[in-house]
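Undergrad: The sequence and its predicted three-dimensional model are supplied below.
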Amino acid sequence: QQQVRQSPQSLTVWEGGTTVLTCSYEDSTFNYFPWYQQFPGEGPALLISILSVSDKKEDGRFTTFFNKREKKLSLHIIDSQPGDSATYFCAAQNYNQGKLIFGQGTKLSIKP
Amino acid sequence: DAGVTQTPRHEVAEKGQTIILKCEPVSGHNDLFWYRQTKIQGLELLSYFRSKSLMEDGGAFKDRFKAEMLNSSFSTLKIQPTEPKDSAVYLCASSLGGGRGEQYFGPGTRLTVL
């Protein structure tokens, strides 16, 4: 089934803390997993992505982990900053297809 | 390079009206997507074009929603007739295609149907 489940729906973290968002999927043909970040009044923008041949990808304070056996992925934000407050979407794709399947999103608030 | 452009940014319509939303994808991109975004349903795919050919028309949205690619650099989404439940943000996105996953999104059009 082509569904991506994301949790939590909303999350509040203190400035400097670590944020963890998680997603799960069922379709074993998915092999590309991007995370998008959306600020109010803007469209989503690609934050970080990972292919199913990897288990970890890092970009500055953002790291995404992928567990193929459990069909789960996560996004970790270390030293969370108020500027990270946004809605985050995980997504999944079969690399041979063009469309992405998006999770429901997590509204993240970082409190100073 | 210009990003994805969407016009108008805001639209208010009376129930039963026809509205047309416009999108200009990133130059050179082959795939174009229309999404509807609401707090309850999240991001819902309305239409997907590859090299101007319709690949997916979003099933449940077929009856009143029609997306077209008039050329490789311009797309429209027509909603006819509008209903209050259509109030949402409509996002257009484009990508290189050919299995390259990154989608570039426009800022969206916020539609309010009274």
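TA: Noted; the coordinates are in hand. This is a predicted model, so every value here is computed, not measured.
Undergrad: burial count for the closest residue to B:Pro81 other than its chain neighbours?
TA: In space, and not counting its chain neighbours, B:Pro81 is closest to B:Gly16: 4.5 Å by CB to CB, 6 or more residues apart in numbering or on different chains. Quick note: C-beta positions are derived from backbone N, CA and C, even for glycine. Neighbourhood size, B:Gly16 [other CB atoms under 10 Å in any protein chain shown]: 10.
Undergrad: backbone phi and psi for B:Gly16, please?
TA: Per-residue torsions, B:Gly16: phi 100, psi -10 (degrees, to the nearest 10).
Undergrad: roughly how far apart are it and A:Thr29?
TA: Applying CB to CB, to the nearest Å, the value for B:Gly16 to A:Thr29 is 42 Å.
Undergrad: Please look at A:Ser55 and A:Phe66 and confirm they touch.
TA: Actually, residue A:55 is Asp. It isn't Ser. Yes - taking contacts as CB atoms under 8 Å, A:Asp55 lies within contact range of A:Phe66: 5.3 Å.
Undergrad: ok, stretch A:34-53 near chain B or not?
TA: Yes - on the criterion CB under 8 Å from any CB of the partner chain, stretch A:34-53 is in touch with chain B at A:Pro34, A:Tyr36, A:Gly41, A:Glu42, A:Gly43, A:Pro44, A:Ala45, A:Leu46, A:Ser49.
Undergrad: Disregarding residues adjacent in the polypeptide, which is nearest to the last one?
TA: If you skip the residues right next to it in sequence, A:Ser49 has A:Pro34 as its closest partner in space, 3.8 Å away by CB to CB, 6+ apart.
Undergrad: List the buried residues of the strand or helix carrying that neighbour.
TA: Element membership of A:Pro34 [criterion: DSSP states H and E] is strand A:32-38. Within strand A:32-38, the residues scored as buried using 16 or more other CB atoms under 10 Å in any protein chain shown are A:Tyr32, A:Phe33, A:Pro34, A:Trp35, A:Tyr36, A:Gln37, A:Gln38.
Undergrad: so the second one makes contact with A:Ser49?
TA: Yes - contact status for A:Phe33 versus A:Ser49: in contact at 6.5 Å, counting by CB under 8 Å.
Undergrad: Residues in contact with both of the two, list them for me.
TA: Common neighbours of A:Phe33 and A:Ser49, counting by CB atoms under 8 Å, 6 or more residues apart in numbering or on different chains, are A:Thr64.
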